[in-house]
Each structure stands twice: as C-alpha cells, then as structure tokens.
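[1] Output the structure for:
(one chain, ligands or ions: 1)
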Amino acid sequence: MSTAITDFISAASEEELLELEQKYCSWGDTVHYLDPPKFFERAEGHYLYDREGTPYLDLQMWYSAASFGYANPRLNQALKDQVDKLPQLACQYLHAEKVELAAAIGRLNSSKFGLDGRVQFNVGGAQAIEDSLKIVRNSTGKSLMFAFMGGYHGRTLGASAITSSYRYRRRFGHFSDRAHFVPFPYCFRCPYGKKRETCELYCVDQFAKNFETEYKSFWDPKAGESEFAAFYVEPVQATGGYVIPPAGYFPALKKILEERNILLVDDEIQMGFYRAGKFWAIENFDVAPDIIVFGKALTNGLNPLSGLWAREELISPEVFPPGSTHSTFSSNPLGTAAALEVVRMMAEEDFEELTRRKGAYFLAQLRELQRRYPKVIGDTDGIGLALRMEMCREDGYEPDRDLTDRMFAEGMKGDLDARGRKVGLVLDVGGYYKNVFTLAPCFDMTEEEIDISVELLEQLIRRCAPDRLSR
Ligand SMILES: Cc1ncc(COP(=O)(O)O)c(C=O)c1O
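    Numbers count the residues shown, from 1 in each chain. Predicted coordinates:
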C-alpha cells in the first residue's frame, strides 16, 4: 500500500475530516442529528472535550453505557493490565475472567430471583438479543413474540423484528416474525385515554382479553397453547423516553404470561446495572424474568461485551448445546476483564442507595423547573438515575419536537455558562414523539454538579423558547 493513501492521517483539520466523512463514511451505522456532526477529542469523568478543548457536560453518558464516568482510572487500569496479560484468546479456550463474571451474575440472580441459570456473552446489545431469540425459539419451537409499542431492542434483523418502529424495517423486506406489539403503560399519554389513579390497570385487562377465545387469534384452548413464545420487555422503556410503568403492572402481566406458558424476556441493556436504582430495573417491579439480556454499562462502555442470563431449563448444555450462538469475539478477554472490574465496583458500594438518593435530588430539581416553565415542560419523572423531561407546547401536553431539537443543538454549541465556565451540554432525545430528554447522568455527579446541570437546562429553555417563559 502506498503512503499516499494514509498521508493525511493525524494532520487533517476538522474541515478536512468532515469532507472525508462526507465521502468515505457510511451513514448507516450512525444517526445524523446534527449538521454537521460534532467531533470530540477527549473524554474524562462526565465531560467530553471538543478539538478546541471546550468541555461538554454529558447528561446521557453514551446512552447510559458509561455510568462510572469516561476514562475511569480504575477501569482503564483493569483494561491495561489485561492488555499486557491476555489481550486475545479464542473463545473455545477458557480464561478466568469469563468464568468469574458468569459466576458473579449467576449467583446474583439466584440470590435475587431464587433461580438457577447460566450466562453467555456476545459483543453488542442487539447480538445478545439475537442470542436470546435463539434460546426462546429453541426451547419453545416457536418464533412469534410479543413486544411493546415504543420498545427498542436493536437493529439486527432479529432485533428489528421485535422493535416497534417500522422505520427500522421498511427498507429490508418482509419480516415474517414481526412481533405483535402491545401498548406500554405510558400513563402520561395513556393509550386508552385513562387516568393512572382510576384505571385499575385497564391495559392489562385488554391484553388478557386476547386469550379469551380462539377467535382472538392468540390462543388455542383445545391444545392449551399460545402461538406466542415470549414477551420481550424493557422494564423502563429507554429509547421510548424513559417511560416508567405503574406499580402492579408487571406482576399482573406476568400472571397472564405464566398462565399461558409464555416466557418473559427482560431487556436490561440500557436500564441494567443500577441505572434505574436497582441492579436490574425489573427488580423494581417484583417479577422474576426467564431471561435477562444486558450490555452497555457492563463494561462501562470500555470494550464491547454484552450477554444474557437464562434459567437453567432454557440454557443448560443438554438443551442449548455448544456452538448454538458462537461468535469469534463473544467472550473476549478485554471485555470480560473490564466487566469483572465493573461488577467488583458495584459490589463495593451501595449503588441502590446512591442512585436513588441522587436521582431523587435531580428529579426534585427537574420538577421545580417544570413548575417554573409549564408552557415548555409537560412531564418529568425518574427512577434511580434514569430521568425524563418531556418538552411540550404551551398546553403542557402536545409534544414539541422542534423545541427539543433546538435545545439539543443549542447545547452542542458549547457556549453555555456553568458558573463562569464556558461549556456545552450533551443531551439525548428519545420518546414516541422525539420530544423527551432522556437523562442518564454519571453516578459520580455531586449535588452541586446536578445543580449546574439544571441551570444549563434552564439556559437552553430561556434561549430556545423566549416567548414561553411566563407561567
Ligand atoms: C433497551 C435496549 N435494547 C437493545 C439495545 C441495542 O443495543 P446495541 O445498540 O448495543 O446493539 C439498546 C440500545 O440502545 C437498548 O437501549
């Protein structure tokens, strides 16, 4: 290869890089929310730094993958040690970190749910979802799933089939195994027009009615069998806008699933590892899942590793034999070493107390912001350190996507005032109407840093909706 092909590397200006990006980078593996997209050069704690060195306070931490902060020294060190010791190893051989990590998660789950199970790994959330689909299909012989409207499980073909947005399937042919999508209990915008205080979980009754007679298409009463193998749930909808279901919803749903012999698959890829105030978000809702799928924060985003835990009956080698989901990098030693250190860190401190305390502090401030700007913020809610702020029009209800986009872009300009310091603000937009700021702050944030974050959000509101500041 001639050096002329690589001679621009390290010397390119941001303008030149953008030109190269326009010509050589596929846009398929990313999302282009900003035009032009923003470059960052360095990351530390809960700040990203651009090429000029301007800090951007990050309230979404890589979609909740980096809860312990960017470039966390202890986790970096664990990775460096592994690089020097055993950086590569084919997955057919064992290494201690893999086994210890699996054992830690297996023991944790038997203590939490009283169930024996096993763990296996892969390298991304969607890939682990694929693996879980194989486990479900293998054990039930069925390929149809229930999933929620507003749910997101990734963008491989299998994960797209159980993700509600048709947008992610439209270009890619027929999905014969497309899930049946059930309304999620999104109480601020109840799909049935009910009120949380008086609905008596009407939505669960509606789901149960599908099994009343064979003519509703879900159930063969003669065989006592459903056509559906599993229900894929996010206990708290993530991309859907950090939507928190009401108490009682999941136990009622689980009862129906158990009666119909339908598995419950719990996607913890975004909400797991204390984001929602418990190790697994599902623990907030008093049900035991059959399969748990996880990724993202497992390694604090350091090296791709994802995985799943399944009940012994579904995953024992007798029923799910070697090679069922093998992939070259599945239990890669850099990933398992980083993850093992993450799990150790999670065992050393009471993160349930920490995330709940800091989350409650943050939510109280968001609610105060909502009280002061009711013509801009329609809803605020939170569980642990997963917080939502729904941007609405003057009536406090109609979604305001334009305002959300403007605030997002304004934060990226990098010229807000953090008590005398010039900073930017990194936000993530989610929600059914793309009008929700889904906040996943770093676990390390102090109360003062939370105060500053809320001040920055207020600056965005005042800049982007100057005509709607009065109550
Ligand atoms: C709940 C949930 N499931 C699955 C995925 C897909 O994970 P990945 O992007 O690592 O493929 C995501 C990613 O955002 C997610 O939030």
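[2] hey, let's count contacts and neighbours off CA atoms from now on
    Noted.
[3] residues in contact with Gly411?
    Shown in contact with Gly411 (C-alpha atoms under 8 Å, 6 or more residues apart in numbering): Gly424, Leu425, Val426, Leu427, Leu460.
[4] what's the closest of the residues you listed to Arg311?
    In terms of C-alpha to C-alpha, no member of the contacts of Gly411 lies closer to Arg311 than Leu427, at 36.7 Å.
[5] separation between the closest one and the ligand?
    Going from Leu427 to the ligand by C-alpha to the nearest ligand atom, to the nearest Å gives 15 Å.
[6] just checking, that residue touches Phe408?
    Yes. The pair Leu427 / Phe408 is scored as a contact, 6.1 Å apart, by C-alpha atoms under 8 Å.
[7] And the two? Which one has more around it.
    Leu427 (26 against 22; other C-alpha atoms under 10 Å).
[8] residue contacts, that one?
    Counting by C-alpha under 8 Å, 6+ apart, the residues that Leu427 touches are Asp58, Leu59, Gln60, Phe408, Gly411, Phe437, Thr438, Leu439.
[9] So which of the residues you listed are in helices?
    Under the assignment DSSP state H, these contribute Phe408, Gly411 to helices.
[10] could the contacts of Leu427 go into TSV alongside pLDDT and distance to the ligand?
    Listed next are those as TSV, based on pLDDT from 0 to 100; distance: C-alpha to the nearest ligand atom, whole Å:
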residue	pLDDT	distance to the ligand
Asp58	98	17
Leu59	98	15
Gln60	97	12
Phe408	98	18
Gly411	98	21
Phe437	98	14
Thr438	98	11
Leu439	98	13
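[11] Go through the contacts of Leu427 and name the one nearest Val236.
    Among the contacts of Leu427, Thr438 lies closest to Val236 (C-alpha to C-alpha), at 11.6 Å.
[12] Quickly list what that closest one is bridged to.
    With beta bridges defined as DSSP bridges, Thr438 has these partners: Arg388.
[13] How many residues are close by it?
    27.
[14] can you check Phe207 too?
    14.
[15] do the same with Leu18
    For Leu18, the neighbour count with other C-alpha under 10 Å is 17.
[16] Give me the distance between it and Pro36.
    Distance, Leu18 to Pro36, using C-alpha to C-alpha, to the nearest Å: 8 Å.
[17] And for Leu157?
    Distance of Leu157 to Pro36, given as C-alpha to C-alpha: 29 Å.
[18] from the contacts of Gly411, which is closest to Glu212?
    Leu427 (44.6 Å).
[19] Got phi/psi on the closest one?
    Dihedral pair for Leu427: phi -120, psi 160, per degrees, to the nearest 10.
[20] quick revisit: and which of the contacts of Gly411 is nearest the ligand?
    Nearest to the ligand among the contacts of Gly411 is Leu427, at 14.5 Å by C-alpha to the nearest ligand atom.
[21] what about stretch 141-150, start to end distance?
    Here the two ends of stretch 141-150 are set 27 Å apart, with distance taken as C-alpha to C-alpha.
[22] contact partners of it?
    Residues outside stretch 141-150 that contact it (C-alpha under 8 Å, 6+ apart) are 136-137, 162-165, 177-184, 227-233, 237, 239-240, 431-432.
[23] switch the cut-off to 7 Å
    For stretch 141-150, the external contacting residues (C-alpha atoms under 7 Å, 6 or more residues apart in numbering) are 137, 162, 164, 177, 179-184, 227-233, 240, 432.
[24] Could you do stretch 258-277 as well?
    Residues outside stretch 258-277 that contact it (C-alpha under 7 Å, 6+ apart) are 64, 125, 225-226, 228-234, 236, 238, 257, 279-281, 289-297, 351-352, 355-356, 383-386.
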